[in-house]
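# Pasting a predicted model and its sequence here:
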Amino acid sequence: MPKSIIQTAFFALALIYSINVSAQQFTLTGKLLGQPDVPIILNYINADGKSVKDSTTIVNGNFTFKGNINGGILAELTLSRSSSKFKKGTDRNMSEIFLEPANITATGNFDDLKTLKFSGSKSQAEFELLQSMFQPTTAAMAAIEDKYLANQGELFRIMRIDKNDARLASIEKTMDSLNDILVDNYNKYSREFIAGHPQSYVSAYELYTEKTRWNIREVTKTFNQLGRDMQNGYYGKQVQNIITGIAENAAGKVARDFSSVDANGKAISLSGLKGKYVLLDFWGSWCGRCRASTPHVKELFTKYHNAGFEVLAIACDDTPNDWKEAIAKDGTDMFQNILQEKRSDANKNKLIDDQYNIHVFPTKILVGKDGIIVGRYDGTESTKQLDRDLAEIFK
């Protein structure tokens, strides 16, 4: 190949590379009023998927941040408490901003970063639109939120006096009902925004946050409707990982073996229950919907246990005391219970719920006698399908 062609090809590749790099770079320039020279911090996820805590100093009210990101990223701009005029116990002086590969400016007053005005980021404008949609749109919705908070305050007040007070169950039930209404309202606007903005990084972010509220079928369908850049951005890739991970732990796949110690200190493993149908019930004492589903699980256990059906309840993100209190209160000592160790950097991606890609609580997984997954039931909406599957198995 002639040298000139090689050089041309080299410079063409170099140009493409530089365009790709610059396309992923953001610049955030700020002008703040009312503050001497102090540090300001920007927290965000970089192009490598790693958390970055960048810091610079405000000089004569001016500051600048630069970095590389993968598409749009929600970031946090904040001042340390040593720099803030806010007193101890109050909210931090901070602002959320949706970064994207662009030149972005921030203007406002140091005393209240929440009121900063941003320009240059289309994603930020879309993020502000999304936030405005989530504001209570009717007096009724605002009243429901006030009622929820009032019940929450009463719950905490009683728990400080007596954690076994009989009134707690009723208050929790009321809070769950109110929360369902608020979540349904939130989901309504979330779906509306994503449907109207498939080419927005904010839609990919919102889908990522909704992964714990929507079933995997809806998550997958919505993901497939996003633009290619949104799918390949940071949040899109996180959603894709979830979809892939759940598919690897769905019906027809081999159930991943694990071992632990049950509530009585006895060693237990999934493989040790081979030859029986085993329902893995991922829950937590803190999860109202999980606790609400417990009576039905007990009914299923009583109905099918003698025919070779076991329940293995796996408590996640729980404490030993709360876990044991919930077992005693709910009467679930009839089947086997294990407490998953607390999540930490050391055991990241090694916990049972990580292995099974659990993102919704409760989630139930039915494992066959041969160790093959029969069905996966995310949330509470698939209870009827679990009933049908068990009825077919034990007919």
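Sure thing, it's come through.

# What pairs with the longest strand anywhere in the chain, parallel or antiparallel?
In the chain, taking DSSP state E as the definition, the longest strand is strand 25-33. Sheet partners assigned to strand 25-33 using DSSP bridges are listed as strand 62-68 (antiparallel), strand 103-109 (parallel).

# Now do residue 353: how many residues are near it, please.
19 (other C-beta atoms under 10 Å). The way it works is simple: take the backbone N, C-alpha and C, and place the C-beta from them, glycine included.

# Give the full set of residues in contact with the residue lying closest to it once chain neighbours are set aside.
The spatial neighbour of residue 353 that comes closest, neighbours along the chain excluded (C-beta to C-beta, 6 or more residues apart in numbering), is residue 316 at 5.0 Å. By C-beta atoms under 8 Å, 6 or more residues apart in numbering, the residues touching residue 316 are 282, 283, 284, 340, 351, 352, 353, 358, 361.

# do that again at 6 Å, thanks
282, 284, 340, 353 (C-beta atoms under 6 Å, 6 or more residues apart in numbering).

# try residue 297
Contacts of residue 297 (C-beta under 6 Å, 6+ apart): none.

# And for residue 322?
By C-beta under 6 Å, 6+ apart, the contact list for residue 322 reads residue 285.

# distance of it from residue 158?
16 Å (C-beta to C-beta, to the nearest Å).

# With just CA atoms, put the longest strand of the chain into CSV.
These are the backbone C-alpha positions of strand 25-33, laid out as CSV (Å, rounded to 0.1, in the frame of the first residue of the first chain):
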residue,chain,number,x,y,z
GLN,A,25,-16.5,14.8,27.0
PHE,A,26,-18.5,17.2,29.1
THR,A,27,-17.5,20.6,30.4
LEU,A,28,-19.4,22.2,33.3
THR,A,29,-18.6,25.9,33.8
GLY,A,30,-20.2,27.8,36.7
LYS,A,31,-20.6,31.3,38.0
LEU,A,32,-21.7,31.6,41.6
LEU,A,33,-22.6,34.8,43.5
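
# Counting by contacts, list what the helix or strand that comes right after that strand packs against.
Downstream of strand 25-33, the next assigned helix or strand under DSSP states H and E is strand 39-45. When contacts are defined as 3 or more C-beta pairs under 6 Å, 6 or more residues apart in numbering; DSSP states H and E, strand 39-45 sits against strand 51-57, strand 73-78.

# Try it again at 10 Å.
strand 25-33, strand 51-57, strand 62-68, strand 73-78, strand 94-99, helix 234-247 (3 or more C-beta pairs under 10 Å, 6 or more residues apart in numbering; DSSP states H and E).

# Show me what the last one is packed against.
Under the contact criterion of 3+ C-beta pairs under 10 Å, 6+ apart, the helices and strands touching helix 234-247 comprise strand 39-45, strand 73-78, helix 201-209, helix 216-224, helix 228-232, strand 373-378.

# Let's see that with 8 Å instead.
helix 201-209, helix 216-224, helix 228-232 (3 or more C-beta pairs under 8 Å, 6 or more residues apart in numbering; DSSP states H and E).

# Of those, which stretch is the most buried?
When these are scored by mean count of other C-beta atoms under 10 Å, the highest mean neighbour count falls to helix 201-209 (a mean of 24).

# Now find how far off-centre that one is within its chain.
11 Å (C-alpha atoms, centre = their mean, to the nearest Å).

# same question, stretch 183-201
16 Å.

# now that stretch: mean pLDDT?
Average pLDDT, stretch 183-201: 88.

# cool, stretch 237-252 as well?
89.

# Likewise for stretch 341-357?
Computed over stretch 341-357, the average pLDDT equals 77.

# Quick check: end-to-end length of that stretch?
Terminal residues of stretch 341-357 lie 16 Å apart, using C-alpha to C-alpha, to the nearest Å.

# All further residue positions should be reported with the first residue as 7.
OK, 7 is where the count begins now, so the last one is stretch 347-363.

# how close does residue 375 get to residue 282?
6 Å.

# which residues do those two both contact?
By C-beta under 8 Å, 6+ apart, residue 375 and residue 282 have these common neighbours: residue 314.

# picking that back up, relative to residue 214, which of the helices and strands packed on strand 45-51 is closest?
helix 240-253 (4.3 Å; C-beta to C-beta).

# about what we covered before: in the longest strand of the chain, what counts as buried?
For strand 31-39, burial by neighbour count (16 or more other C-beta atoms under 10 Å) applies to 32, 34, 36, 38.

# cool, and stretch 318-327?
318, 319, 320, 321, 322, 324.

# how about the helices in the chain?
9-29, 128-140, 145-167, 173-202, 207-215, 222-230, 234-238, 240-253, 294-310, 326-336, 358-361, 389-399 (DSSP state H).

# For those helices, which has the smallest mean pLDDT value?
Looking at the helices of the chain, the bottom one is helix 9-29 with a mean of 40.

# So the spatially most central residue of the chain versus residue 71, what's the distance?
In the chain, the centroid-proximal residue (C-alpha atoms, centre = their mean) is residue 215; its distance is 5.1 Å. The gap separating residue 215 from residue 71 is 24 Å, by C-beta to C-beta.
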